[in-house]
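J.: with the sequence up front, the predicted model follows.
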Number of protein chains: 4
Amino acid sequence: MNKVTILIYCKDRPNIIANVTSFIGGNGGNIVYVDQHVDSEQDIFFIRLESEFDGSAFSLERFKELFKNTLVGKFDMKWRMYSSETKPKMAIFVSKYDHCLYDILGRYNSGELNLEIPFIVSNHNNLRGIADSFKIPFYHIPVTKDNKVEAEKKQLQLLQEYNVDFIVLARYMQIVSSKLIDNYPNKIINIHHSFLPAFVGAKPYHSAYRRGVKIIGATSHYVTEELDAGPIIEQGVAHVSHTHTVNDLIAKGRDIEKIVLANAIKLHANRKVMVYNNKTVVFY
Amino acid sequence: MNKVTILIYCKDRPNIIANVTSFIGGNGGNIVYVDQHVDSEQDIFFIRLESEFDGSAFSLERFKELFKNTLVGKFDMKWRMYSSETKPKMAIFVSKYDHCLYDILGRYNSGELNLEIPFIVSNHNNLRGIADSFKIPFYHIPVTKDNKVEAEKKQLQLLQEYNVDFIVLARYMQIVSSKLIDNYPNKIINIHHSFLPAFVGAKPYHSAYRRGVKIIGATSHYVTEELDAGPIIEQGVAHVSHTHTVNDLIAKGRDIEKIVLANAIKLHANRKVMVYNNKTVVFY
Amino acid sequence: MNKVTILIYCKDRPNIIANVTSFIGGNGGNIVYVDQHVDSEQDIFFIRLESEFDGSAFSLERFKELFKNTLVGKFDMKWRMYSSETKPKMAIFVSKYDHCLYDILGRYNSGELNLEIPFIVSNHNNLRGIADSFKIPFYHIPVTKDNKVEAEKKQLQLLQEYNVDFIVLARYMQIVSSKLIDNYPNKIINIHHSFLPAFVGAKPYHSAYRRGVKIIGATSHYVTEELDAGPIIEQGVAHVSHTHTVNDLIAKGRDIEKIVLANAIKLHANRKVMVYNNKTVVFY
Amino acid sequence: MNKVTILIYCKDRPNIIANVTSFIGGNGGNIVYVDQHVDSEQDIFFIRLESEFDGSAFSLERFKELFKNTLVGKFDMKWRMYSSETKPKMAIFVSKYDHCLYDILGRYNSGELNLEIPFIVSNHNNLRGIADSFKIPFYHIPVTKDNKVEAEKKQLQLLQEYNVDFIVLARYMQIVSSKLIDNYPNKIINIHHSFLPAFVGAKPYHSAYRRGVKIIGATSHYVTEELDAGPIIEQGVAHVSHTHTVNDLIAKGRDIEKIVLANAIKLHANRKVMVYNNKTVVFY
């Protein structure tokens, strides 16, 4: 049994659903799940389908080709198709904070994540021990003002070598370059430690403390050129009060960051997120 | 343009989605929304579709007939079909508490609810003034040990007279009879002032206080024979602490009750809830 | 039995608690509640006490005088003292939106609010019917570009005439003037329909929609010169998704606004909020 | 500078606060924090104070003695006193689930927990590797029907040997005996994977799934004789829907369990929890 996930978006027009479902049915597929959305403001249609195809005769490549020739042109579709057999490969970028790394690896170990982690890369050496204890390759690529271009080149080499599908910045305290972003469009997931768009940039917990907010948050989003302004995948919050110091906010925030980032990773790995015009459609 | 909402469930089998979507497309319908779920434990397939049919020639009755003959038997479907032009009629049952009534009528007035409220019925006369100020007929049907059967007969008469589609018990402090339940299966929405299944029955805030819980809740559910055990539509919670007295819990609880009940009403009125085996499938 | 609430803040120094509690005890008072906080960053001490004084001989004026002479100078205290017998008088300012007004009056009616509402003022006449149905005086003071100064003069006259203690802007869609703010420092409560500091200013739900946030919020704060930048009293949030239109956000937001504003009103009316350096200390 | 935390409860009577604060002030202490509560239903007064005592001359033992002779008898107080220098010692009991253990040790490592972990004990050997990687002694004490008494004797020996102050059952899948409970009254913290009092006992996620609840939860409580009926310290919840399988509930539940248990541990370790009549007073 071959399980295929299809993600499509295009300008909204009549009969897209019927066309897509008939095409799948007509080619021996049984649709087991369908999720769909219309952004009526922008007039864009989104659909996500999971289908099962019997038999050893099925070829995903042939099906893709047929799909392209039959439907893609007709509706001017943007589309992606995945076999559920291939788990996506996720690289982890970290600096010195360990809470998100521990959290991700703990979930990975327990089988909660439907992905592979080929390696961890860091601009510091501090977290190597954690990588070792989970038996995952760890690459230390220091980043300074002077070696930025070279460091990034090494990162890209690693990403290609391991055939990485997407990247998670698990509190990686460096701004990634346009080149990396261009190579991984809507495929670099960041966790920002504030309730965006409030408190963009550095030290958001300090800003939240100064402003005297009663709720703090964390936001996972895809990285784009503009800092902390990419499409939001998931957000989480927690109540705070005047009794909390900045350090209390940081500690409380760690718990939100971990969960928000883990959820974003799972949604992305399960191919449940679509991006259009800097916003996400998330099929839970 | 005729908009039709279709709700179907049946035993899960291959190709249901393709069959349903082809049928709609083949009969001139454009599917604008589809939501679907498979309960793999019970092997039941659920689907909800919104379709648009062009032209004045369309007849919902004829379409229903055709649907019945073509698909219902083939897949042994349970199904309902609604024209989006007909707003459901909701009767409100109250006793003496006014917070849920105020809340529902405020939303009704502001156009937030996609339904009609033909009348309010109560076993007390206290809330007549509120009904009057919103210009909604109010019927006072006292309920005592001795007149239960007769009172209920009057209620049923009213419900039939006004062609009521569903009933909301907005803190109606009486147990409704089997007869009413049989006439409105999965069509009587109750708000229970606890986080079910905790604290079934009377005075749940007192029980919550005694147990020393740190979170209280409210639950809206369809009424069934067994007390507070019907299919849950929506639940809400709020944090509490040792500083809260029973009266504080009651006051805090009112806010949860209002919102949870309003959400359940909206979901039901928009035909987004399906029930199977005492559980709900809610298409948000 | 006379119940007195005392709120004090001053620079942090040793033995303030002992001094204050001894003073109260030495003057026949029994402390029934004490809440306290030290802002160690700014080195400021906050305390709130509820005390009971026996007998008819007690005079709040005399006690205040004694307190001033004995402790205030010694510790350079800022302080307020209230008899629990005097309920604060709250004026409500509204425009055309009715949800917060309905909510406040519903709570007022049910006895949930420990305050008096002498009148409602509005720049429109739309909500007069609601005021009438709750039997509360309603003043229509239109505000245009040309009559701003005069309109405000009328507002201030009303506020003085009725001896108003604090003002709640229940979705009052006008910017209040410096003069009003000066007359009611930290005594004008606004509800802003976003999770501040995100989306300051007009149409925050539209901005939230455009940004694609996954959580929306509302913020109640004291009004200061800078728009939407005053001390935050309470915040609330709700999860949203790509399925929500701007109108859905507005409808969902109404529920958050109502509850957040009601909580802020209750905290203020119960004298549980202190303000220092544009932040609040809220003793729940 | 000696920092002392005092926890007291007794029957409510006038002037307790003044008596306690004067006593501390009169013995050279500066009160830096005070939290207080009156349970008016049971007429019980609770207070928690943090005080600083200057100089090397201060002796906690002498102060305790003085306190006992001066105040304890007078008000018939139950009391505990701690030097902030002595961190409490917490033993961890686990079975095979690792998520709570990872979470606690990660926080311990990052300095978030104000306590010492002398050892981990388990009825299985599975998690030894984790203990090793955090360099904490791990004792494998198998528990069978036949060796229960002996196994427990070994546990008690370890607890005494290491001078353990309190125990956390981090998903320890065994019922602990009366003897252990008697030795550690209100000092054994359990995490139950449901929103108590709903779903007491085994397999609560399965029960929650069957009941079709829309919110799941976790509860940390002190262990008492009656199963899952001890004083509740903290509860947490998460929304779920019909799309979640039992395994999804279990995975989502792990995140709630971790945070709820960690919060309970922190509150207990910081001496912020008092217990009276099977309910907690928690000074946040």
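T.: That came through fine.

J.: so which helix or strand takes in the closest residue to chain C within the stretch 1-150 of chain A?
T.: In the stretch 1-150 of chain A, the residue that lies nearest chain C is residue A:37 (6.0 Å; CB to the nearest CB). For the C-beta atoms, the positions are set from N, CA and C on the backbone; glycine is no exception. Under the criterion of DSSP states H and E, residue A:37 resides in strand A:29-39.

J.: tally of neighbours for the residue of the stretch 1-150 of chain A closest to chain C?
T.: 20 (other CB atoms under 10 Å in any protein chain shown).

J.: show me the contacts for it.
T.: Going by CB atoms under 8 Å, 6 or more residues apart in numbering or on different chains, residue A:37 touches A:45, A:46, A:47, A:281, A:283, C:242, C:243.

J.: what pairs with it across the strands?
T.: residue A:46 (DSSP bridges).

J.: before we move on, the earlier item: tell me what angle the strand holding residue A:37 forms with strand B:29-39.
T.: Strand A:29-39 runs at 120 degrees relative to strand B:29-39, counting by axes from the mean of the first three to the mean of the last three CA atoms, to 10 degrees.

J.: so which bits of the stretch 151-284 of chain A are right by chain B?
T.: residue A:239 (CB under 8 Å from any CB of the partner chain).

J.: the helices in the stretch 151-284 of chain A, which residues?
T.: Secondary structure of the stretch 151-284 of chain A by DSSP state H, counting those that start in this stretch: the helices cover A:178-183, A:204-211, A:246-269.

J.: got the ones you listed as JSON lines, with mean neighbour count columns?
T.: Formatted as JSON lines, these follow (neighbours: other CB atoms under 10 Å in any protein chain shown):
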{"stretch": "helix A:178-183", "mean neighbour count": "14"}
{"stretch": "helix A:204-211", "mean neighbour count": "19"}
{"stretch": "helix A:246-269", "mean neighbour count": "21"}
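
J.: quick one: closest of the ones you listed to residue C:189.
T.: Residue C:189 lies closest to helix A:204-211 among the helices of the stretch 151-284 of chain A, at 17.7 Å (CB to CB).

J.: for the closest one, the distance to its chain's centre please.
T.: On the basis of CA atoms, centre = their mean, to the nearest Å, helix A:204-211 sits 27 Å off its chain's mean C-alpha point.

J.: pLDDT on that helix, on average?
T.: Mean per-residue pLDDT for helix A:204-211: 97.

J.: if we can go back for a sec, now the buried members of the contacts of residue A:37.
T.: A:45, A:46, A:47, A:281, A:283, C:242 (16 or more other CB atoms under 10 Å in any protein chain shown).

J.: what's the closest of those to residue B:252?
T.: residue C:242 (31.5 Å).

J.: burial of residue A:61, as a residue count?
T.: By other CB under 10 Å, neighbour count at residue A:61 equals 8.

J.: hang on, I meant residue A:159
T.: Counted with other CB under 10 Å, residues neighbouring residue A:159 total 21.

J.: got the confidence number for it?
T.: Value listed for residue A:159 in the pLDDT field: 98.

J.: count the neighbours of the spatially closest residue to it that is not a sequence neighbour for me.
T.: Closest residue to residue A:159 apart from its sequence neighbours, by CB to CB, 6 or more residues apart in numbering or on different chains: residue A:91 at 6.0 Å. Neighbourhood size, residue A:91 [other CB under 10 Å]: 22.

J.: not counting sequence-adjacent ones, nearest residue to residue A:55?
T.: Leaving aside its sequence neighbours, residue A:55 sits nearest to residue A:28 (CB to CB, 6+ apart; 7.7 Å).

J.: shouldn't the one you found be in contact with residue A:58?
T.: Yes - Residue A:28 sits in contact with residue A:58 when judged by CB atoms under 8 Å, with a separation of 7.2 Å.

J.: how about the helices of the stretch 151-284 of chain A, which one is nearest chain C?
T.: Ranking the helices of the stretch 151-284 of chain A by proximity to chain C (CB to the nearest CB) places helix A:204-211 first, at 5.7 Å.

J.: what residues does that closest one touch?
T.: A:192-194, A:198-199, A:216, A:244-246, A:249-250, A:253, C:196-197, C:232, C:279.

J.: which of those count as buried?
T.: A:192-194, A:198-199, A:216, A:244, A:249-250, A:253, C:196-197, C:232, C:279.

J.: for the stretch 51-200 of chain A, which spans come out with low pLDDT?
T.: Scanning the stretch 51-200 of chain A for pLDDT under 70 picks out nothing.

J.: name the nearest residue to the residue in it that chain C sits nearest to, sequence neighbours excluded.
T.: Proximity of the stretch 51-200 of chain A to chain C (CB to the nearest CB) peaks at residue A:198, 4.0 Å away. Spatial nearest neighbour of residue A:198, chain neighbours left out: residue C:198 (4.0 Å); criterion: CB to CB, 6+ apart.

J.: what are the phi and psi values at that neighbour?
T.: When read as degrees, to the nearest 10, the backbone of residue C:198 gives phi -70, psi 140.

J.: check contacts around it.
T.: Residue C:198 is in contact with A:195, A:196, A:197, A:198, C:204, C:208, C:213, C:217, counting by CB under 8 Å, 6+ apart.
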